[in-house]
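Colleague: Could you work out the structure for the sequence below:
(one chain, ligands or ions: 2)
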Amino acid sequence: MMNKRLDLSPPVAAALNAGCPVVALESTVICHGMPYPKNVETALALEQVIWKNGCVPATIAVLGGRLKAGLSAAEIEYLGKNGSRITKASRRDLPILAAKGLDGATTVTTTMMIAHMAGIDVFATGGVGGVHRGAETSMDVSADLEELARTPVMVICSGAKSVLDLGLTLEYLETRGVPVLGYRTMELPAFYTRQSGFPLDYRMENPAELADAFLAQREMGIRGGMLVCNPIPKEYSMDPKVIEAAIERAVADGQAQRIHGKALTPFLLSRVKELTGGSSLESNIQLLLSNAELAAQVAFELRTRPRPSF
Ligand code: PSU
Ligand code: MN
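Modeller: Residues are numbered from 1 along each chain as shown. Ligands and ions are numbered 1, 2, ... in the order given. The predicted structure follows:
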């Protein structure tokens, strides 16, 4: 059954064998999303929240060409210290990293892929990739949207940053048949803010309702993911004017410097961070913690349900 290229950490293997709930976490946020040592502290804090809610955390990465579901604290420290020296690994990078024995920080795309290979259904992150502003000419659409269309994992996020074209991102998800569920909201959250002006079709009130929808999708044999949008906690949400100004500036700088391909998202994120200072880092950490908690609640709820497999 097990994929030859995949390693489960001992706690993750034990949990999956025993039918205990597991929650996946990504590693691009560690290597490319935050400075050291905050990135390591945050990665460990996210794992703690998942443990506290009765689940086992599986932080996902590629190390020495091996796909890893579940990392040790030393492995998380290694990723955090090396930061952006570690390749940002999307779907197309996996075969090369595996063949050459290289390291990779997994994006939403590859975290979903590896979670699914391991048999993990729920994944918590901060923001997903999407359709970039100007995609009409650049054709820059994140592989995350394709992965959400094809891989049966529930992704719990705080929406997407408006460095993206959020309207086009929702259109793309609709075309590709991805359910997008608001958690106690009817509006797509925009990462740092609870609002974006883009309405959602469905509002879910509790983890059991999210579990019901995920189970229904599986029982019908619908092969695809599900995107849950959990707005940033109110007390950490930022001033939309401040954020929007920083984003406009970051997007303009990216265009002026002709940044494209996989470098664009990390460029925009780090530019927004520079322009907004430390407060955006704290907001980022808080929404990640909130998403990890909700993901653990859903995974805990799913543990008692039948698990139709693909
Ligand atoms: N958006 C964020 N924070 C992030 C990312 C996106 O607000 O950390 C990361 C995620 O790992 C996501 C990836 O999967 O960037 C998307 O990159 P791209 O746009 O190149 O597909
Ligand atoms: Mn891209």
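Colleague: and the stretch 201-310 of the chain, which of its residues are near ligand 1?
Modeller: 262, 265, 269 (CB under 6 Å from any ligand atom). Any C-beta I mention is one placed from the backbone N, CA and C, and that applies to glycine too.
Colleague: Spell out the residue ranges of the helices in the chain.
Modeller: Assigned by DSSP state H, the helices in the chain fall at 10-18, 28, 38-52, 73-82, 94-100, 108-118, 135-138, 143-150, 166-175, 207-219, 240-256, 264-276, 278-302.
Colleague: Save those as CSV, and put in mean neighbour count and mean pLDDT too.
Modeller: Compiled in CSV, the helices of the chain are given as follows (neighbours: other CB atoms under 10 Å; pLDDT from 0 to 100):
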stretch, mean neighbour count, mean pLDDT
helix 10-18, 16, 97
helix 28, 30, 98
helix 38-52, 19, 98
helix 73-82, 17, 98
helix 94-100, 15, 98
helix 108-118, 26, 98
helix 135-138, 12, 94
helix 143-150, 21, 98
helix 166-175, 18, 98
helix 207-219, 18, 97
helix 240-256, 16, 96
helix 264-276, 19, 93
helix 278-302, 22, 96
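Colleague: any idea how far the residue nearest to residue 273 when sequence neighbours are not counted is from ligand 1?
Modeller: The shortest distance from residue 273 to any non-neighbouring residue, by CB to CB, 6 or more residues apart in numbering, is to residue 280 (5.8 Å). Look at residue 280 and ligand 1: by CB to the nearest ligand atom, to the nearest Å, they are 10 Å apart.
Colleague: ok, now which ones touch the residue nearest to residue 51 when sequence neighbours are not counted?
Modeller: Distance criterion CB to CB, 6+ apart; nearest residue to residue 51, sequence neighbours excluded, is residue 57 at 6.6 Å. Listed by CB atoms under 8 Å, 6 or more residues apart in numbering, the contact set of residue 57 reads 22-23, 25, 46-47, 50-51, 70, 292.
Colleague: Nearest to residue 105 among those?
Modeller: residue 25 (11.7 Å; CB to CB).
Colleague: Show the backbone phi and psi for the most centrally placed residue in the chain.
Modeller: Central residue of the chain (CA atoms, centre = their mean): residue 125, 3.3 Å from the mean position. Residue 125 adopts backbone torsions of phi -140, psi -170, taken as degrees, to the nearest 10.
Colleague: for it, what are its contacts?
Modeller: By CB under 8 Å, 6+ apart, the contact list for residue 125 reads 25-26, 29, 108, 111, 155-157, 288, 291.
Colleague: Would you mind checking which of these is nearest to ligand 1?
Modeller: Nearest to ligand 1, judged by CB to the nearest ligand atom, of the contacts of residue 125 is residue 108 at 3.3 Å.
Colleague: Against residue 203, how distant is that closest one?
Modeller: For residue 108, the distance to residue 203 (CB to CB, to the nearest Å) stands at 23 Å.
Colleague: Residue 243 contacts residue 195, correct?
Modeller: No - applying CB atoms under 8 Å, one finds residue 243 not in contact with residue 195, separated by 11.2 Å.
Colleague: what touches both of these two?
Modeller: Common neighbours of residue 243 and residue 195 (CB under 8 Å, 6+ apart) do not exist.
Colleague: Identify the farthest-apart pair in the contacts of residue 57.
Modeller: 70 and 292 (14.9 Å).
Colleague: Quick check: the residue lying closest to residue 149 once chain neighbours are set aside vs residue 117, distance?
Modeller: Leaving aside its chain neighbours, residue 149 sits nearest to residue 176 (3.7 Å; criterion: CB to CB, 6+ apart). Distance, residue 176 to residue 117, by CB to CB: 21 Å.
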